[in-house]
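**Student:** Here is a sequence with its predicted model. Questions after.
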Amino acid sequence: MKKYLVEFIGTFFLVFTVGMAVRSGSSLAPLAIGASLMVMIFAGEHVSGAHFNPAVTLAVFLRGKCDKGDVIPYWIAQLAAGAVAALLVVNLVGNPAVVGTHDAMKSIIVEFLFTFALAWVVLNTATAKGTSGNSFYGLAIGMTVLTGAVAVGGVSGGAFNPAVGLGVVIMGLEKLNQFWIYLGADLAGGAVAALTYKVVNGNE
């Protein structure tokens with residue numbers, strides 16, 4: 001139960017930061033989002049692994065570092081946290097006047113690529129024997145999200161995380177059909193990252 005609570009807390013603050021930072025209109029929103037993920041990872045990794053993302057949970061499971069029985073509870077905690085954070089954002093600042101519109105195929109491509117990148121970084125910095133005990137994994141993971149948000153946020157909304165995708169849809173920042181892209185492309189990106197990791201690193 002402690003693991004699921006930590007997953008809820010970390011995902012909640014990530015999605016809450018996404019909503020509040022984006023709605024503030026600040027050019028520093030990507031930095032705030034990446035930093036939020038970084039600090040929550042440092043706070044929670046020793047308890048739950050600090051996935052805070054269903055796609056990352058899938059990648060870590062396929063890599064062999066997450067128990068099968070934790071996958072669904074992690075997903076429930078992450079998606080519930082995304083929904084609760086989104087509802088709080090709406091309560092605090094209301095719904096936006098303009099909802100994001102993105103090309104579906106372009107969104108699929110960039111969501112897949114940067115979720116792959118995110119899961120790839122997680123696996124190589126937080127689960128690999130060669131980087132075991134390092135102190136930089138949280139920064140590396142947070143910077144990956146920051147990089148993706150700056151590079152392709154305008155193309156897809158820059159979720160790279162189905163829990164974030166659910167949150168931004170509930171907030172009214174994205175249309176419902178965009179959530180299915182976040183779900184499918186992001187889970188696929190996580191899965192391919194795990195398979196690629198195993199090709200490169202073997203079963204360790």
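**Tutor:** Okay, I see it. Source: prediction; values computed, not measured. Numbering: from 1, shown residues only.

**Student:** C-alpha from now on. contacts and neighbour counts both.
**Tutor:** Noted.

**Student:** Now do whatever helix or strand Val199 lives in: which elements does it pack against?
**Tutor:** Here Val199, judged by DSSP states H and E, is contained in helix 176-201. Helices and strands touching helix 176-201, by 3 or more C-alpha pairs under 8 Å, 6 or more residues apart in numbering; DSSP states H and E, are helix 54-63, helix 104-126, helix 162-171.

**Student:** Could I get the ones you listed in JSON lines, plus columns for distance to Tyr182?
**Tutor:** As requested, the helices and strands packed on helix 176-201 are exported to JSON lines (distance: least, C-alpha to C-alpha, whole Å):
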{"stretch": "helix 54-63", "distance to Tyr182": "10"}
{"stretch": "helix 104-126", "distance to Tyr182": "7"}
{"stretch": "helix 162-171", "distance to Tyr182": "5"}
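
**Student:** so what's the spatially most central residue of the chain up against?
**Tutor:** A centroid search over the chain (C-alpha atoms, centre = their mean) returns Asn161, at 3.6 Å, as the residue closest to the centre. Asn161 sits next to Asn53, Pro54, Ala55, Thr115, Tyr182, Leu183, Asp186 when contact means C-alpha atoms under 8 Å, 6 or more residues apart in numbering.

**Student:** next one: Ala29
**Tutor:** Ala29 neighbours (C-alpha under 8 Å, 6+ apart): Val18, Ala21, Val22.

**Student:** Compare those residues and tell me which has the most neighbours.
**Tutor:** In terms of neighbours by other C-alpha atoms under 10 Å, those top out with Val18 at 25 neighbours.

**Student:** what about it, distance to Ile181?
**Tutor:** 18 Å (C-alpha to C-alpha, to the nearest Å).

**Student:** Could you do Leu62 as well?
**Tutor:** 21 Å.

**Student:** ok so, going back, cross the contacts of Ala29 against helices and list the overlap.
**Tutor:** Val18, Ala21, Val22 (DSSP state H).

**Student:** right, and the second one touches Ala32 too?
**Tutor:** Read it as Ala21. Yes: between Ala21 and Ala32 there is a contact at 7.0 Å, judged by C-alpha atoms under 8 Å.

**Student:** if you average pLDDT over the helix holding Val199, what comes out?
**Tutor:** Regarding helix 176-201, the rounded mean pLDDT is 97.

**Student:** got it, and stretch 115-130?
**Tutor:** pLDDT averaged over stretch 115-130 gives 95.

**Student:** Can you point out the buried residues in it?
**Tutor:** Under the neighbour-count criterion of 16 or more other C-alpha atoms under 10 Å, stretch 115-130 has 115-128 buried.

**Student:** ok, which pair from the residues you listed is furthest apart?
**Tutor:** Farthest-apart pair in these is Thr115 and Ala128; separation 18.3 Å (C-alpha to C-alpha).

**Student:** where in the protein is pLDDT low?
**Tutor:** Low-confidence regions of the chain, defined here as pLDDT under 70, do not occur.

**Student:** One more pass at 90, please.
**Tutor:** Along the chain, the parts satisfying pLDDT under 90 run over 1, 95-101, 129-130, 132-133, 202-204.
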